[in-house]
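>>> have a look at this fold, sequence not included:
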């Protein structure tokens, strides 16, 4: 059966049968288990990072970000764009 055939069949159901179909479909979807929860992962990561940087100044946060070891080259590039590591010249000028 194609999606179009299913759409047609569902649209032709009498109200009581449509109600029963909705109940069945809701149960069917509830049984489908997620293998990965992206929203949950992002919230967990955000909460963990927020706890680690709580109370830091912006400069301290940028230093913390630059000090993090990342295994993913893409994430390294993003981090380096957000918090470039200070060059030797800029570090020397800070000491003056």
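Happy to help now that I have it. What you see is a predicted model; the values in this text were computed from it and never measured.
>>> name the element residue 56 belongs to?
Here residue 56, judged by DSSP states H and E, is contained in no helix and no strand.
>>> and the residue lying closest to it once chain neighbours are set aside, how many residues sit next to it?
If the residues on either side of it in the chain are set aside, residue 56 comes closest to residue 64, at 6.5 Å by C-beta to C-beta, 6 or more residues apart in numbering. (C-beta placed from N, C-alpha, C; glycine too.) Using other C-beta atoms under 10 Å, residue 64 has 14 other residues around it.
>>> quick one: residues contacting residue 64.
Listed by C-beta atoms under 8 Å, 6 or more residues apart in numbering, the contact set of residue 64 reads 52, 53, 56.
>>> quick check: phi and psi on residue 56?
For residue 56, the backbone dihedrals (degrees, to the nearest 10) come out as phi -80, psi 150.
>>> and the pLDDT for it?
Residue 56 is assigned 95 on the pLDDT scale.
>>> so residue 41 versus residue 19, what's the distance?
36 Å (C-beta to C-beta, to the nearest Å).
>>> could you chop this protein up by domain?
What automatic domain parsing lists as the domains of the chain is 1-31, 56-85.
>>> could I get these as a markdown table with distance to residue 48?
A markdown table is the format used below for these (distance: least, C-beta to C-beta, whole Å):
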| stretch | distance to residue 48 |
| --- | --- |
| domain 1-31 | 29 |
| domain 56-85 | 12 |
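>>> these: which one's closest to residue 47?
domain 56-85 (15.8 Å; C-beta to C-beta).
>>> next one: that closest one to chain centre, how far?
18 Å (C-alpha atoms, centre = their mean, to the nearest Å).
>>> point me to the helix or strand that includes residue 40.
Applying DSSP H and E, one finds residue 40 within helix 38-53.
>>> which helices and strands does that helix pack with?
For helix 38-53, the elements it packs on are helix 58-67, judged by 3 or more C-beta pairs under 8 Å, 6 or more residues apart in numbering; DSSP states H and E.
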